[in-house]
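> Sequence plus predicted model, see below.
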2 protein chains.
Amino acid sequence: MHPAPDPEHALEVLTDLVRTDLEACNRLIVERMQSPVALIPQLAAHLVAAGGKRIRPLLTLAAARMCGHRGQRHVALAACVEFIHTATLLHDDVVDESALRRGAPSANAVFGNKPSVLVGDFLFARAFQVMVADGSLRVLDILATASATIAEGEVLQLVTQNDTGTTEEQYLQVIEGKTAALFAAATEIGAVVADRPPVEAEALREYGHCLGVAFQLVDDALDYSASQAALGKTVGDDFREGKITLPVLLAFGAADEAERGFWRRVLEDRDQAEGDLDRAIALMQSRGTLDATIRRARDYGARALAALSIFPDCPERRALAGIVEFCIARAR
Amino acid sequence: MHPAPDPEHALEVLTDLVRTDLEACNRLIVERMQSPVALIPQLAAHLVAAGGKRIRPLLTLAAARMCGHRGQRHVALAACVEFIHTATLLHDDVVDESALRRGAPSANAVFGNKPSVLVGDFLFARAFQVMVADGSLRVLDILATASATIAEGEVLQLVTQNDTGTTEEQYLQVIEGKTAALFAAATEIGAVVADRPPVEAEALREYGHCLGVAFQLVDDALDYSASQAALGKTVGDDFREGKITLPVLLAFGAADEAERGFWRRVLEDRDQAEGDLDRAIALMQSRGTLDATIRRARDYGARALAALSIFPDCPERRALAGIVEFCIARAR
């Protein structure tokens, strides 16, 4: 398979391809986040208005169409995926005490932690109501399991935070949970809603899983290399929180005794001073761990592309392939 | 219908009646809160070990048996109800910054806010996985809707907090959401799992709803009158947080200008000094608002008993009637 020629525009290509479905999905999102309790749609709209890329619902919409689905059920299910994603963002930002999200002040910064926790709960419950209305126990199973796996990944991330003894395996388990699980569910339900055989559901699941891992690997590299504008959040957030991501983990593994002392001070003791982030970035660059992280992302990207190969060539398959390149190209 | 003669022991009577089912439910709860991420069962066990009364799952178990259910499905559904309840407790305690829960240090006090939020999410997702395994879309609908309603009630509680302009109607909306919705769902699914006609599901829903409202009214009165040991949490918590509950709302409505100034200072400005809680309790006693709150609870209790009257007399019906008395008798 040849990758899309222009990774920068791959998101636009995908968006254009399912534009009608996406607009229906966006309408449904606004409609279903309503509540007599006005603060709920106000807070939810803050995130919706901040304009996420809607990557996950786009994946559901395109996967369903690629699988030949002709109805509208995938629109509601894509909205469920976005509700679950939004709920996890709200809770993540409370847990991480983030000030920025998608380049704008985070909901917890504007509305406080309390409504962020509760509106997250509301959106999560609402996602399940929408799934119940759709009526597929298989879809409910996939998204309930993904939701549990996300929470497990987030808790494991908390446990490994500030622990330079974290292994690559644990790190992978964290990102498979917190990110890849929902990508995998989002794409798998495309095949399920189109009533395709297990081999296609499995292939789409593998595609979403590998794409999600690649996406998070790039995100974790960007946290030490991007401009704030490109990242939509504060650069160095992971560093300040002492999150043990792959670039850090590899740098710690390759470090000499003095460097290890530095990493332990800044990440375990969280005793950070002016210039420490710059030193961390310099260490990663000298050890090549940011590049190594991106190479790892490319490996997962290649697996994602390979998983698509069982589907016949079509605009949707090309668009889904393009998204792999898009996710990795963010690292440039 | 005659009420149970001995309200203090009504909970034991109910527990004894469905003991085998409850033990199976408790085993399932422990089994299904497991995760490879050890902190999850550790934190969940903290709450489970603190020994809740398991009122909600008991209601599901007894309602199902009263409706003639002979299988074991109700055991798993009772566990789902308890998981959802536990998830909301974890998030509530974060939101309320509570130090005590069920007479023991709260999970957020022991483990911190972050894991409490995330383990709450896990238990919520796990509840939906267990429901999916049961396979009833009707049950999923009832519990997904209850979950959304709970979140709405909690958000509304946050909005009305510190606002002495809160109306009785708003207060009722808060407690119908945060408490009665899950009681109503817990009892309704007893009829659903037994495949009984809508009129019985509706009657059990009404019973649970009215019982839940009565339960919360008594709780709100106890916050100003119980001993800490009886309440299992800190007396005066609502007062310190400026929660506008019925005893306060009625006292504010009956207050003269000087008293209104007091209520505004302590609840709206949260400018509280030594002796203010005692003064608040004295004002409520002089206006009779704690008694009025309990009377209101009795009215709802009577409605709950009336709803049971369509079921033939049996040990389960008598036990469920006894629980109404039990909830109200806590106020003595």
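Good, I have the coordinates.
> Can you list the low-confidence ranges for the stretch 101-250 of chain A?
The stretch 101-250 of chain A contains residues with pLDDT under 70 at A:226-234.
> residues from it in reach of chain B?
Counting by C-beta under 8 Å from any C-beta of the partner chain, the residues of the stretch 101-250 of chain A close to chain B are A:113-115, A:117-122, A:124-126, A:128-129, A:131-132, A:135, A:137, A:140-141, A:144-145, A:147-148, A:150-152, A:154-156, A:158-159. For glycine as for every other residue, the C-beta is placed from the backbone atoms N, C-alpha and C.
> mind redoing it with 7 Å?
Within the stretch 101-250 of chain A, the positions lying close to chain B (C-beta under 7 Å from any C-beta of the partner chain) are A:114-115, A:117-119, A:121-122, A:124-126, A:128-129, A:132, A:135, A:137, A:140-141, A:144-145, A:147-148, A:151-152, A:154-156, A:158-159.
> Can you flag which of these belong to helices?
A:114-115, A:117-119, A:121-122, A:124-126, A:128-129, A:132, A:137, A:140-141, A:144-145, A:147-148, A:151-152, A:154-156, A:158-159 (DSSP state H).
> before we move on, back to that, buried only: go through the residues of the stretch 101-250 of chain A next to chain B for me.
A:114-115, A:117-119, A:121-122, A:124-126, A:128-129, A:132, A:137, A:140-141, A:144-145, A:147-148, A:151-152, A:154-156, A:158-159 (16 or more other C-beta atoms under 10 Å in any protein chain shown).
> Need the pLDDT of A:Val48.
Looking at A:Val48, its pLDDT is 77.
> Confirm for me that it is in contact with A:Glu31.
No. Counting by C-beta atoms under 7 Å, A:Glu31 is not a contact partner of A:Val48; they are 11.7 Å apart.
> Find the centremost residue of chain A, please.
Taking C-alpha atoms, centre = their mean, the centroid of chain A lies closest to A:Thr179, which sits 4.5 Å from it.
> now it: how far from B:His91?
Relative to B:His91, A:Thr179 is positioned 23 Å away (C-beta to C-beta, to the nearest Å).
> Ok, A:Glu206 next?
From A:Glu206 to B:His91 the distance is 34 Å (C-beta to C-beta).
> Those two - which one has more neighbours?
B:His91 (27 against 19; other C-beta atoms under 10 Å in any protein chain shown).
> On the pLDDT front, check that one for me.
94.
> what about the residue of the stretch 201-332 of chain A found nearest chain B, neighbour count?
Using C-beta to the nearest C-beta, A:Glu241 is the residue of the stretch 201-332 of chain A that sits closest to chain B, at 10.7 Å. A:Glu241: 18 surrounding residues under other C-beta under 10 Å.
> Likewise for A:Gln157?
27.
> Leaving out the residues flanking it, which one is nearest to it?
For A:Gln157, ignoring the flanking residues on the chain, the nearest one in space by C-beta to C-beta, 6 or more residues apart in numbering or on different chains is A:Val174 at 4.6 Å.
> Ok, A:Ile294 next?
Nearest non-adjacent residue to A:Ile294 (C-beta to C-beta, 6+ apart): A:Ala331, at 4.9 Å.
> can you pull the pLDDT of the one you found?
Reported pLDDT at A:Ala331 in the predicted model: 74.
> Would you check that it makes contact with A:Asp220?
No. Checked against C-beta under 7 Å, the pair A:Ala331 and A:Asp220 is beyond contact range at 10.2 Å.
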